[in-house]
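> okay, structure incoming, though there's no sequence with it:
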């Protein structure tokens, strides 16, 4: 398995992963979205590839703290293909995220995950990787 930066050629596989994450989209829409994301220097997308197939992805965003000196990396999208879970792919992907974050000078990595029953396995995975449940988030749609 290889972990590498995502490319526009990965879009068909990424669309399938986004659907599994609960965010269905089309190839055309996601191609535009990924081009926009790739053009923003604060974003970085990693993919896990196995036998020519994208089986996992981590979408990252860097930011600066107001409350501390330094920067952070937020994992804004994280998914491993349902047929490839529990094979160590997520663990390797998280470790690569952490390595990339350190190389960027970040002092912390965070990830949000919904408080739904179907997310319990993901929550267990994150805590097993050393992540702590720290806060509750709030959203308000502006459209």
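Alright, I've got the coordinates. What you see is a predicted model, and the numbers here were worked out from it, not measured in a lab.
> how about the lengthiest helix in the chain: buried residues?
In the chain, taking DSSP state H as the definition, the longest helix is helix 89-103. For helix 89-103, the neighbour count (16 or more other C-beta atoms under 10 Å) marks 89-90, 92-94, 97-98, 100-101 as buried. Yep, even glycine has a C-beta here, placed from its N, CA and C like the rest.
> strand partners (parallel or antiparallel) of the following helix or strand past that helix?
Of the helices and strands lying after helix 89-103 in sequence (DSSP states H and E), the nearest is strand 106-111. Based on DSSP bridges, the pairing partners of strand 106-111 within the sheet are strand 71-80 (parallel).
> show residues contacting the partner strand.
17-18, 20-21, 48, 55-65, 89-90, 93-94, 97, 100-101, 104-112 (C-beta atoms under 8 Å, 6 or more residues apart in numbering).
> tell me the mean pLDDT for that strand?
What strand 71-80 shows for mean pLDDT is 95.
> quick one: work out the angle between that strand and helix 89-103.
Interaxial angle, strand 71-80 versus helix 89-103 (axes from the mean of the first three to the mean of the last three C-alpha atoms, to 10 degrees): 160 degrees.
> for residue 98, see how far away residue 6 is.
18 Å (C-beta to C-beta, to the nearest Å).
> now do the same end-to-end measure for stretch 38-52.
Terminal residues of stretch 38-52 are spaced 21 Å apart (C-alpha to C-alpha, to the nearest Å).
> start the count at 234, not 1, going forward
Got it, the first residue is 234 from now on, which makes the last one we talked about stretch 271-285.
> picking that back up, give me the mean pLDDT for the longest helix of the chain.
Helix 322-336 comes out at a mean pLDDT of 96.
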